[in-house]
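# Requesting a structural model of the entry that follows:
(chains A and B)
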Amino acid sequence: MKDILKQLCADAGVSGNENEMLGVIKELLPENAEVISMDNGNMIVSMGDKNAEKHIMLDAHIDRIGLIVTYIDDKGFLCAEPVGGIDLRTLPGSAVKIFGRETILGVVCTMPPHLDSDKELSRDRIRIDTGLPAEKVRELVSLGDRIILLSKYTELIGNRIAVSALDNRSGCAVLIRCMQLLKNRDIPCRVSFVFSAQEETNESGAATAAFELMPDEAVVIDVGFAAQNGVPEEKSGKLGCGGIISISPVLSRDVTEKLRKIAKRLGMEVDYEVCGGSTGTNADKISVCGGGIKTGVISIPSKNMHTQTEIVQLDDIERIAKLLAVYITEGGADNA
Amino acid sequence: MLDYELLKRLCTADGISGSEDEVRDIIIKEISPFADTVDVDNMGNVIVFKKGRKTPSKKLLVSAHMDEVGFIVTHINSDGTVRFAPVGGVNDSAAFAKYVKIGAKKIHGVVNAKPVHLLKDDERKKCPPIDSLSIDIGSDSKEETQKHVSLGDMIVFDSPYENRDGRVISKAIDDRFGCLVLIEMIKSELEYDMYFSFVVQEEVGLRGAKAAAFTVAPDCAVVVEATTASDVPFAEDEKRVCLVGGGAVISFMDRSTIYDREYYRLAFECAEALGVKAQTKTMIAGGNDAGAIHCSRGGVRTLAVSVPCRYIHSSSSLASAEDMEAVFAVVKASAEKILSL
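Numbers count the residues shown, from 1 in each chain, chains lettered A, B, ... in the order given. Okay, the predicted model is just below:
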């Protein structure tokens, strides 16, 4: 599990550049999983009985947040804008990687204290310093190149990992692990595993993949808020809780109920998050795709979401994968 | 050319004020074959004497500090997270969402951040103050954390070093670069006898230098430092202080010292004679060990030469190798010139 996650938490794959990640995923797939398409940054992998009546989609987005180069000034400083919901507070003075013709280390410009006249952070004032001469910068960097905040795959105590892009590479790890668990099992349905593009910008990858597949049911795997200082108890699940099942008016009661039942039967502890409306995940788009798709959400609790120091616990990934493998072998939700 | 492999080892060694041990060990190992005497005083300062070809009429001390800014463990919360205070001047933003190592066992941790999704609009536009932050080592309880972390443990940034196309990005360029310059001088042939001090606790009030200057009792001194360059977008004119790529920074005055006028001019003359770039600071900002040294005992004529450094006191400061070479050349030439007067 650790190895899978480490490989998935590669630097590549800021929204729109998901293709960079597809090779990594391919390497991790079991032999009997079939890649059926790689369009628009989505990768769709099929398992189970293709002629079965029931078709279940499991979705995890593969893209990660980052920045995009919008301009190079005369001194060689890069102007950049967020791709996805970057936390501006994480930027000043942080090291970044710029994916130009070569990968370059840079620093997000910040003012020293004597000039830091309480300026508010603003997405219009993001500047990146490579320290290289302007000509060299122009040779290596092009407009549209992606940038990520530098992080470091770090093993903490308690079987926990800190690194950036755990949102949602830990969800992708769940899909991979689930496929491994299903490898030698009888699968009574058709299963499509979707590694979807551009969730962080507008959930468009999942929307197009769902349209293409038109499954009967979908379960979205993403990260959810873990309990930490400042995060309300009702919005979070504890790290190591085994997963957070979402309950929401936009989600299918059948799917959610089946996930709950399996967890209970397996004696797995889980937490719940109740939303009054949208879930903030791909489920919001998938559930209204075509004539509507029954959709559920289960999340890996994560601390420090959308920073370079996200944290998850490996046990949660393993347990959610197990739960979903049972969900699939039992043919998904019970029809009400 | 300076030994940049050694600079990497110095910068990636961990040593906040009062915990300079790792840095001191590297330095003593490097200089011992080349120095005449190497002493470690009660504070942990390394004081070195090296004979040159001639014995001058004056006693000159070249000084750099070994400590870096960082944090110290002040409390362990009931949820297992670690509270900390800055050691030296660290901005709130420098700590936010960073990777750190704690204590001698180098326990890995990250500075926590409440997810941006849950913030109010005004909270999104400002980094929270350091005293509201905590470090996560993966533990959920005070008891568990206490097995790994103790109050007073040092906390340092866990960040990369990169030297590429003549620019260095690293933590602790302030002042491991100064240590490198002193080491290179000690390894070189000197025209005159000189004293060197690698001092502790600069970042918490120029404390090591005070003791070292008392012990050496020099007539004159050269401080080798890294200093704030803010030549970044949105900073204009004199507020940029000094420029990366602008050469060695020779100060006439800062917040701790009014420098010796003759030495100030002498240093610029040396730069010109050597054909290396030099500049001065365009603001009376910052301070360094010169503040303690120049008024030691009956007074010490003091010069400071610094490498301009952006994002100083952060996990990723940035400096130019060309400037570093210029500082080394100017320091060595100025020291010899001063002793020849």
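# And the residue of chain A that's closest to chain B?
In chain A, the residue that lies nearest chain B is residue A:156 (2.9 Å; CB to the nearest CB). Quick note: C-beta positions are derived from backbone N, CA and C, even for glycine.
# residues in contact with the closest residue to that residue other than its chain neighbours?
Nearest in space to residue A:156, with sequence neighbours left out and distances taken as CB to CB, 6 or more residues apart in numbering or on different chains, is residue B:138 at 2.9 Å. Contacts for residue B:138 were tallied using CB atoms under 8 Å, 6 or more residues apart in numbering or on different chains; they are A:156, A:157, A:158, A:159, A:160, A:162, A:311, B:109.
# my guess is the fourth one meets residue A:313, correct?
Think residue A:159. Yes - taking contacts as CB atoms under 8 Å, residue A:159 lies within contact range of residue A:313: 5.7 Å.
# right, and the residue of chain A closest to chain B touches residue B:140 too?
No - counting by CB under 8 Å, residue A:156 stays clear of residue B:140, with 11.2 Å between them.
# Comparing residue A:159 and residue A:313, which shows the higher neighbour count?
Ranked by neighbour count (other CB atoms under 10 Å in any protein chain shown), residue A:159 and residue A:313 place residue A:313 first, with 26 against 17.
# number of nearby residues for residue A:22?
The tally of other residues near residue A:22 (other CB under 10 Å) stands at 19.
# wait, doesn't it sit right on residue A:38?
Yes - because the distance of 5.6 Å satisfies CB under 8 Å, residue A:22 is recorded as touching residue A:38.
# near chain B, which residues of the stretch 151-300 of chain A show up?
Proximity of the stretch 151-300 of chain A to chain B is assessed by CB under 8 Å from any CB of the partner chain, with A:151-152, A:154-160, A:162, A:225, A:228-232, A:235, A:238-240, A:280 identified as the residues in range.
# low-scoring stretches of the stretch 201-336 of chain A, by residue?
Along the stretch 201-336 of chain A, the parts satisfying pLDDT under 70 run over A:336.
# quick one: the strands in it?
Remark: strands of the stretch 201-336 of chain A, listed N- to C-terminal, are A:217-225, A:244-247, A:271-274, A:294-302, A:311-313; assignment by DSSP state E, counting those that start in this stretch.
# check contacts around residue A:131.
Contacts for residue A:131 (CB under 8 Å, 6+ apart) come out as A:106, A:107, B:167, B:169, B:244, B:310, B:318, B:320.
# er, residue B:64 actually
Going by CB under 8 Å, 6+ apart, the list of residues near residue B:64 reads B:175, B:178, B:179, B:181, B:182, B:197, B:198, B:199, B:223, B:224, B:225.
# from those, which ones fall inside helices?
Secondary structure assignment by DSSP state H places B:175, B:178, B:179, B:181, B:182 of the contacts of residue B:64 in helices.
# Quick check: the gap between the last one and residue B:52.
Taken as CB to CB, to the nearest Å, the spacing of residue B:182 relative to residue B:52 amounts to 15 Å.
# same deal with the second one?
In this structure, residue B:178 and residue B:52 are 20 Å apart, going by CB to CB.
# of these two, who's got more company?
Just comparing residue B:178 and residue B:52: by other CB under 10 Å the higher neighbour count belongs to residue B:178, 30 against 16.
# Give the closest residue to that one in space, chain neighbours not counted.
If you skip the residues right next to it in sequence, residue B:178 has residue B:64 as its closest partner in space, 2.9 Å away by CB to CB, 6+ apart.
# Which of the ones in helices among the contacts of residue B:64 ranks first by neighbour count?
For the ones in helices among the contacts of residue B:64, neighbours tallied by other CB under 10 Å; top is residue B:175, 33 neighbours.
# mind listing the strands in the stretch 151-300 of chain B by residue range?
Taking DSSP E, counting those that start in this stretch as the criterion, the stretch 151-300 of chain B contains strands spanning B:154-157, B:162-164, B:167-170, B:194-199, B:220-228, B:248-250, B:278-279.
# can you tell which of those strands is closest to chain A?
Among the strands of the stretch 151-300 of chain B, the nearest to chain A by CB to the nearest CB is strand B:167-170 (3.6 Å).
# Where in chain B is the helix or strand with the lowest mean pLDDT?
Of all the helices and strands that make up chain B, helix B:92-95 has the lowest average by mean pLDDT, DSSP states H and E, namely a mean of 91.
# at contact distance from chain A, anything in it?
Yes - using CB under 8 Å from any CB, helix B:92-95 comes into contact with chain A via B:93, B:94.
# Show me what that helix packs onto, helices and strands only.
Contact partners of helix B:92-95 among helices and strands, from 3 or more CB pairs under 8 Å, 6 or more residues apart in numbering or on different chains; DSSP states H and E: none.
# Name the residues that touch that helix?
Identification of contacts with helix B:92-95 by CB under 8 Å, 6+ apart yields A:89, A:92-93, A:110, B:71, B:86, B:111, B:127-130, B:133, B:313-315.
# Starting from that helix, tell me the next helix or strand along the chain.
Beyond helix B:92-95 in the direction of the C-terminus, DSSP states H and E gives the next helix or strand as strand B:99-102.
# any idea how far residue B:4 lies from chain A?
15 Å (CB to the nearest CB, to the nearest Å).
# try residue B:323
Distance of residue B:323 to chain A, given as CB to the nearest CB: 11 Å.
# Near residue 191, how many other residues are there?
Because you didn't say which chain, this covers chain A. Using other CB under 10 Å, residue A:191 has 27 other residues around it.
# my bad, chain B
Under the neighbour criterion other CB under 10 Å, residue B:191 is assigned a count of 17.
# which residue sits closest to it in space, ignoring its chain neighbours?
Nearest non-adjacent residue to residue B:191, counting by CB to CB, 6+ apart: residue B:336, 4.8 Å away.
# how about the closest residue to residue A:34 other than its chain neighbours, secondary structure?
Taking CB to CB, 6+ apart, and ignoring the residues beside it in sequence, residue A:34 has residue A:46 as its nearest neighbour in space, at 4.8 Å. Taken by DSSP: H, G, I helix; E, B strand; the rest coil, the conformation at residue A:46 corresponds to strand.
# Contacts only, for residue A:217.
Contacts were defined as CB under 8 Å, 6+ apart; by that measure residue A:217 touches A:54-57, A:252, A:254-255, A:293-296, A:332-333.
# State the pLDDT value of the residue lying closest to residue B:151 once chain neighbours are set aside.
Leaving out its chain neighbours, the residue that sits closest to residue B:151 by CB to CB, 6+ apart is residue B:73, at 5.5 Å. If you check residue B:73, the pLDDT there is 98.
# What separation is there between residue B:73 and residue B:204?
16 Å.
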